[in-house]
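Visitor: task: produce atomic coordinates for the following.
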Amino acid sequence: MSVKQLFLVSLAACVASLITGCGTLEGHEGAAVGAAAGATGGALIGAAAAGSGNRATGAVIGGAVGGVAGGVAGDQLYDKKKDK
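Guide: Below is the predicted model of the structure:
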């Protein structure tokens with residue numbers, strides 16, 4: 001699977017999870033947006049950093065780490081904006 005195909009599959013999965021999960025994310029919209037952005041960015045960075053033989057593995061690991069980090073950051077930033 002090429003990096004472009006992996007990116008498109010990851011992006012489609014993120015969009016699908018956002019569309020289906022919107023009703024259950026009340027109060028945590030920032031986390032969903034942050035997780036999607038973090039996973040996408042992490043997958044791209046992980047694929048680029050992994051080297052030619054391990055791009056898929058790097059994309060998966062980068063996407064997972066980026067998704068978690070983006071979700072936490074997005075939730076924290078959204079809560080700060082909401083409190084003001």
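
Visitor: alpha carbons only for contacts and neighbour counts from here, please
Guide: Will do.

Visitor: state which helix of this protein is the longest.
Guide: In the chain, with assignment by DSSP state H, the single longest helix is helix 55-83.

Visitor: okay, buried residues for that helix please.
Guide: 55-56, 58-76, 78-79 (16 or more other C-alpha atoms under 10 Å).

Visitor: how close does the nearest residue to Val72 once chain neighbours are set aside get to Ser2?
Guide: Closest residue in space to Val72, ignoring its immediate chain neighbours: Ala31 at 6.2 Å, by C-alpha to C-alpha, 6 or more residues apart in numbering. Distance, Ala31 to Ser2, by C-alpha to C-alpha, to the nearest Å: 29 Å.

Visitor: ok, Glu29 next?
Guide: For Glu29, the distance to Ser2 - C-alpha to C-alpha - is 31 Å.

Visitor: higher neighbour count, these two?
Guide: Under the criterion of other C-alpha atoms under 10 Å, the comparison of Glu29 against Ser2 puts Glu29 first, with 18 against 9.

Visitor: the more buried one touches Leu77, doesn't it?
Guide: No: contact criterion C-alpha atoms under 8 Å: Glu29 and Leu77 do not qualify, at 10.5 Å.

Visitor: on the three-state scheme, the most centrally placed residue in the chain is what?
Guide: Closest to where the C-alpha atoms of the chain average out (C-alpha atoms, centre = their mean) is Ala39, at 2.1 Å. Assigned state for Ala39: helix (three-state reduction, DSSP: H, G, I helix; E, B strand; the rest coil).

Visitor: can you pull the contacts of it?
Guide: 62-68, 70 (C-alpha atoms under 8 Å, 6 or more residues apart in numbering).

Visitor: and Gly51, its phi and psi?
Guide: phi 100, psi 170 (degrees, to the nearest 10).

Visitor: ok, now Leu44?
Guide: Torsion angles, degrees, to the nearest 10, at Leu44: phi -70, psi -50.
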